[in-house]
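Novice: below are the sequence and a predicted model for it; my questions follow.
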Amino acid sequence: PAVRLPVITYSATRPSLTGPDRDFFSMAIPSDAKLLNPFAAACHALGITIELAETTALGNLDTVMARFAALELRVFFMDTSETGAYKVLDAAHRAGLLRAGYAWVGTDNLAGLRFWEFEVEGATLSSKEVLAHSQGLIITSASPGEGAVYDKYIEKFTAQSNRTGTDYFGPYAYDTVHLCVRALHDVLYTQGVDRGADAFPDAFLAALRAAEFDGATGLVSLDEDGLRKGSIITYLNLQGDKWVLIGTWHEDTGAMQAQQGSALLFPGRTHTVPADSPELDYANFEASDAGGVAILTVLGVGMLTIACSAAILLAWYNHPVMRYSSQPFLAIILVGAFLSLLSGFFWLGELHTWKCTLTLWLLPVGLVLILAPMLTKNFRVWRIVSRSNSFKRIRITNTQLAAFVGGCLAVQLALSAVWTAVEPPTGRDVLDGFPEAHYECHVSLPFLLANVAYLLVLVLACLVLSFLTRDVMTDFNESRVLAFIVYNFLVMGVIMVLLTLFVPDEAAGGHTVARVLVLVLCTVGTVAMVFGQKLFHILAGTRWGSTTKESNSPTSPDSKQRRSRNIHTWST
């Protein structure tokens, strides 16, 4: 008689292993037959209408690919071996189906594609070239594990094996052993069936199918055919030499959940969904939108303020008010404000990589050009005042100060250059759930923090100098202006951090509006404070050399006292 021996696997996924004539075979890992449902869910999420038709014998692949191209098919799903996939992708490349506008989806049989070293006879591409042309390939794969039990399994595995991480099938083997132990305990101890009894195989099989528990791979449970229930399928996207997690599909709900912050790449190294799918509704503002027009208006007002300030500087360039403030440094502040505001124009519309890179350079460089002149001028005042009791002639020229400003700028340029060379920002679009999506700039967190830290150092240095020079006569001292600028920058930084932490990425339009408002308030507020004060003194006819008209008199006791204390120090 045939031996009815229950068999359960943690790695075999071929659907033909189960069936009416193989009722003693069970799978603790999701069957490949369940991968079509998450594939259909992914297409639906992208707005792609599909018709599934199983093809087992493709015949001449070049003929098949030509027919696919003629039918204007855009999305292809293949469940085949590594060798078969090699042949299919090679033929697809010859037919021009591995370029932008197409999508390819496979099973976890293709997970090793990035390590392929073999060659296939008759293929026109090497294995490395197949990898290069298969960028954007998507595979559906059973989830390797998640949750508290999975974390506990990893902890035990690492402690006992002295290895970090585990292979793909490790968690499924772990749950399979637990499933068998639970079933054996139920049969031997709860039901009291002897393991040598004729009824043991059927009782053990029934116990396997009845068991249910939370395992390392999620809820472990089998249906009446021995297939894993409640499967969790992951979507992995080939980007470079890595498989990037872009979403999950839960069998219990039949819903796809996108991985936040992961941009889906398609063949041709593009983030654009295949052309025959409906358009996505992006949350970002375009220049033609009402929100975009409002943003452009606000930025335009800021640019107009800078232009008016430049006109004031040119009109009264040789006025004592401008001379005491060092005209070249005032011009540098205006250039910095201009560059900072200019970066705001590139936050509209699709965020291409070149836009992200340009913003990376314009904004921090502009902010440094605003801070550095104020820092250097107040440093000169502090330096002179701190030596006022030495009765030595102190000379700090504009050239020396310009070198200091250049040094501050050089540090920022070096930071931006290294950032661009090592891990440049990339523009990408993220699907929030069809048809909602948003554009975003993906930046390196370490480099971002390095830039923020450098700007914070400059801001704190300004704050210290503003405090140290607070009692110096206002003819030569701009500590109040500097304090206002520091306040502006700190407020902008806090608001930016709050936006990043608490405003969801899906609200991309709101992000842009808030960033532009903060940017304009900071730059325009700084320019208005610097030049508004000077315009007031010029129009009021204040004689530069005292803080009030009454004290301008050469015989004023206060004026004489201040001149006698400071006249020997103001050689600049």
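Specialist: Nice, thanks for sending it over.
Novice: for M496, give me the pLDDT.
Specialist: At M496, the model reports a pLDDT of 72.
Novice: so who does it touch?
Specialist: 515, 518 (Cβ atoms under 8 Å, 6 or more residues apart in numbering). C-beta here means a position set from N, CA and C on the backbone, and glycine is covered the same way.
Novice: what helix or strand is it on?
Specialist: Here M496 sits within helix 479-502, counting by DSSP states H and E.
Novice: any idea which helix or strand comes after that helix?
Specialist: Assigned by DSSP H and E, the successor of helix 479-502 is helix 508-540.
Novice: what about the residue lying closest to A142 once chain neighbours are set aside, which SS state?
Specialist: Once flanking residues are discounted, A142 sits nearest to P30: 4.4 Å by Cβ to Cβ, 6 or more residues apart in numbering. Of the three states, P30 takes coil under DSSP: H, G, I helix; E, B strand; the rest coil.
Novice: look up phi and psi at P30.
Specialist: Torsion angles at P30 (phi, psi; degrees, to the nearest 10) stand at phi -60, psi 140.
Novice: I figured it hits S231, correct?
Specialist: Yes: P30 is within contact range of S231, at 3.8 Å (criterion: Cβ atoms under 8 Å).
Novice: now do the shared contacts for these two.
Specialist: Going by Cβ under 8 Å, 6+ apart, residues that sit against P30 and also against S231 are 142, 251.
Novice: of those two, who's got more company?
Specialist: Using other Cβ atoms under 10 Å, the more surrounded residue of P30 and S231 is P30, with 25 against 22.
Novice: residues in contact with the more buried one?
Specialist: Contacts for P30 (Cβ under 8 Å, 6+ apart) come out as 13, 142, 227-228, 231-233, 251.
Novice: who's in contact with the closest residue to A28 other than its chain neighbours?
Specialist: Excluding the flanking residues, the one nearest A28 by Cβ to Cβ, 6+ apart is T176, at 4.3 Å. Contacts for T176 (Cβ under 8 Å, 6+ apart) come out as 8-10, 28.
Novice: for those residues, pick the one with the most neighbours.
Specialist: Counting by other Cβ under 10 Å, top hit in these: A28 with 27 neighbours.
Novice: so it makes contact with T9?
Specialist: Yes: using Cβ under 8 Å, A28 is in contact with T9, at 6.8 Å.
Novice: could you measure from A540 over to Q533?
Specialist: Distance of A540 to Q533, computed by Cβ to Cβ, to the nearest Å: 11 Å.
Novice: brain fart, F200
Specialist: 94 Å.
Novice: neighbours of T305, how many?
Specialist: 20.
Novice: among the contacts of P30, which one sits closest to V491?
Specialist: I232 (44.8 Å; Cβ to Cβ).
Novice: surely that closest one touches P144?
Specialist: No: contact criterion Cβ under 8 Å: I232 and P144 do not qualify, at 9.6 Å.
Novice: more neighbours: those two, which one.
Specialist: Taking other Cβ under 10 Å, I232 and P144 do not tie; I232 has more neighbours (21 against 18).
Novice: what sits against the more buried one?
Specialist: I232 sits in contact with 30, 142-143, 146, 217-218, 248-251, where contact means Cβ under 8 Å, 6+ apart.
Novice: buried ones among those residues?
Specialist: 30, 142-143, 217-218, 248-251 (16 or more other Cβ atoms under 10 Å).
Novice: can I get those residues in CSV with distance to Y439 and pLDDT?
Specialist: Below are these laid out as CSV (distance: Cβ to Cβ, whole Å; pLDDT from 0 to 100):
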residue, distance to Y439, pLDDT
P30, 34, 84
A142, 32, 79
S143, 29, 78
T217, 35, 85
G218, 34, 83
T248, 23, 83
W249, 25, 82
H250, 28, 80
E251, 32, 79
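Novice: returning to what we had before: closest one of the contacts of I232 to A310?
Specialist: T248 (54.8 Å).
Novice: centre-most residue in the chain?
Specialist: Centre of the chain computed as the mean C-alpha position; nearest residue by Cα atoms, centre = their mean is H442, 3.2 Å away.
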